[in-house]
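A.B. asks: mind folding the following:
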Amino acid sequence: MPTKITKAVIPVAGLGTRFLPATKAMPKEMLPVVDKPAIQYVVEEAVEAGLHDVLMVTGRNKTALENHFDRAGELEAVLVSKGDDEKLEKVNYSTGLADVHYVRQGDPKGLGHAVLRAKMHVGHEPFAVLLGDDIIDNRDPLLSRMLEVQEALNTTVVALLEVDPSQTHLYGIATVEPTDEEDVVRITGLVEKPPAGEAPSNLAIIGRYVLRPEIFEVLERTQPGKGGEIQLTDALEEIATGPTWTGGVHGVVFRGRRYDTGDRLDYLKAIVQLASDRDDLGPDFRGWLQGFAQGLGGQADDDQGGEDG
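C.D. replies: Purely as a prediction, here's the structure:
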């Protein structure tokens, strides 16, 4: 019988080199998206799906992550003395959000190796993996749907997103077969970042997985792949094409709102999109944004004219 899933694993050991120098002394996961660090959105998603036991697989210089989900006694005392209950509630919210644990990855050997470091904590239970670069809008549930599919089929589940064919070389790409449910497919093959023009489909794996514990045994024998790292995609490929007792791999095709905070341009887009939708910020921000965009349109015309001249 399927086991009720209670644990989430969040790999956060990356160096965040795309965001240097901002990430020289601060984890990329702590970069603010409006007024919350990116990592808090991810933990909130896990909790909303019923996963209150969270393991973060960390690396060096990640103590700010631990501090964020810990008590901040001095700050709390200052807010109490000022009677600032609103800010105090926000500070305390992240402290009590989940039961958060930490383990070091050690050597940076890739996502597959980071997941393998969770073996002792997870044990012989299925579990979820959430990557911190992907923020899923809470109005478009994804993880809860994946948990439903895993429980119904007792399978490994990955999140899939249709991407432009020109972008397939940036993702793990799935070969799939349809099932009786419109948003669920059976995965028959996976390839990590195929060369341009050689992808078997445009269904890309994004940063949400629900894994059976057999993944650990497979990862232990998975050899380094792309980039000399142990790729989770390679281990999932073995399960997808392996014996039926492993449950195979299914995909949930996500058509909701996703914000990629791992790329500088997409990070800026995420902030604009989320701020625009906020009840407290949205009305004023959208009004300013419309005027700003109109000004950019005029500037673009001027720039084009200068080039022609």
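A.B. asks: drop to CA atoms for contacts and neighbour counts, all remaining ones
C.D. replies: OK.
A.B. asks: quick check: Val115 is in a strand.
C.D. replies: No - looking at Val115 with DSSP: H, G, I helix; E, B strand; the rest coil, it is helix, so not inside a strand.
A.B. asks: burial of Val129, as a residue count?
C.D. replies: 22 (other C-alpha atoms under 10 Å).
A.B. asks: okay, and the beta partners of it?
C.D. replies: Val9, Tyr209 (DSSP bridges).
A.B. asks: that one contacts Pro213, correct?
C.D. replies: No - assessed by C-alpha atoms under 8 Å, Val129 is found out of contact with Pro213, at 11.9 Å.
A.B. asks: how about the strands in this protein?
C.D. replies: Applying DSSP state E to the chain gives strands spanning 7-11, 32-33, 36-37, 53-58, 99-104, 127-130, 134-136, 156-162, 172-178, 184-192, 203-211, 249-253, 258-260.
A.B. asks: and of these, who's closest to Val78?
C.D. replies: strand 36-37 (20.1 Å; C-alpha to C-alpha).
A.B. asks: residues in contact with the closest one?
C.D. replies: Glu29, Met30, Leu31 (C-alpha atoms under 8 Å, 6 or more residues apart in numbering).
A.B. asks: shaky segments in the stretch 51-200 of the chain?
C.D. replies: Residues of the stretch 51-200 of the chain meeting the criterion pLDDT under 70: none.
A.B. asks: so what sits opposite Thr156 in the bridge?
C.D. replies: Here Thr156, judged by DSSP bridges, has bridge partners Val249.
A.B. asks: swap that for Asp99, please
C.D. replies: Counting by DSSP bridges, the residues bridging with Asp99 are Asp53.
A.B. asks: does it touch Met56 like I think?
C.D. replies: No - with contact defined as C-alpha under 8 Å, Asp99 does not reach Met56; the gap is 10.8 Å.
A.B. asks: from Ile187, how far out is Asp164?
C.D. replies: 19 Å (C-alpha to C-alpha, to the nearest Å).
A.B. asks: of those two, who's got more company?
C.D. replies: Neighbour count, other C-alpha under 10 Å: between Asp164 and Ile187, Ile187 has more, with 23 against 10.
A.B. asks: ok, that one touching Thr175?
C.D. replies: Yes - with contact defined as C-alpha under 8 Å, Ile187 reaches Thr175; the gap is 5.8 Å.
A.B. asks: need the helices for the stretch 201-309 of the chain, in chain order.
C.D. replies: For the stretch 201-309 of the chain, the helices defined by DSSP state H, counting those that start in this stretch occupy 214-221, 232-241, 264-277, 282-308.
A.B. asks: columns mean neighbour count on top of the ones you listed, output as a markdown table?
C.D. replies: Listed next are the helices of the stretch 201-309 of the chain as a markdown table, based on neighbours: other C-alpha atoms under 10 Å:
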| stretch | mean neighbour count |
| --- | --- |
| helix 214-221 | 16 |
| helix 232-241 | 21 |
| helix 264-277 | 16 |
| helix 282-308 | 12 |
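A.B. asks: tell me which of those helices lies nearest to Asn138.
C.D. replies: helix 264-277 (11.0 Å).
A.B. asks: tell me the average confidence for the closest one?
C.D. replies: Helix 264-277 shows an average pLDDT of 93 in the prediction.
A.B. asks: got the contact list for it?
C.D. replies: Contacts of helix 264-277 (C-alpha under 8 Å, 6+ apart): Arg18, Phe19, Val33, Val34, Tyr259, Asp260, Thr261, Leu281, Gly282, Pro283, Phe285, Arg286.
A.B. asks: number of residues surrounding the second one?
C.D. replies: Counted by other C-alpha under 10 Å, the residues lying close to Phe19 total 15.
A.B. asks: I'd guessed it sits against Met26; true?
C.D. replies: No - with contacts counted by C-alpha under 8 Å, Phe19 stays clear of Met26, the gap being 10.1 Å.
A.B. asks: residues in contact with the nearest residue to Leu219 once chain neighbours are set aside?
C.D. replies: Counting by C-alpha to C-alpha, 6 or more residues apart in numbering, the nearest residue to Leu219 once its immediate chain neighbours are dropped is Ala235, at 5.8 Å. Contacts for Ala235 were tallied using C-alpha under 8 Å, 6+ apart; they are Gly112, Ile215, Val218, Leu219, Thr222.
A.B. asks: just put these in CSV and tack on distance to Ile239.
C.D. replies: CSV is the format used below for the contacts of Ala235 (distance: C-alpha to C-alpha, whole Å):
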residue, distance to Ile239
Gly112, 14
Ile215, 8
Val218, 8
Leu219, 10
Thr222, 11
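A.B. asks: contacts only, for the nearest residue to Pro178 once chain neighbours are set aside.
C.D. replies: For Pro178, ignoring the flanking residues on the chain, the nearest one in space by C-alpha to C-alpha, 6+ apart is Val185 at 4.8 Å. By C-alpha under 8 Å, 6+ apart, the residues touching Val185 are Val176, Glu177, Pro178, Thr179, His250, Gly251, Val252, Val253.
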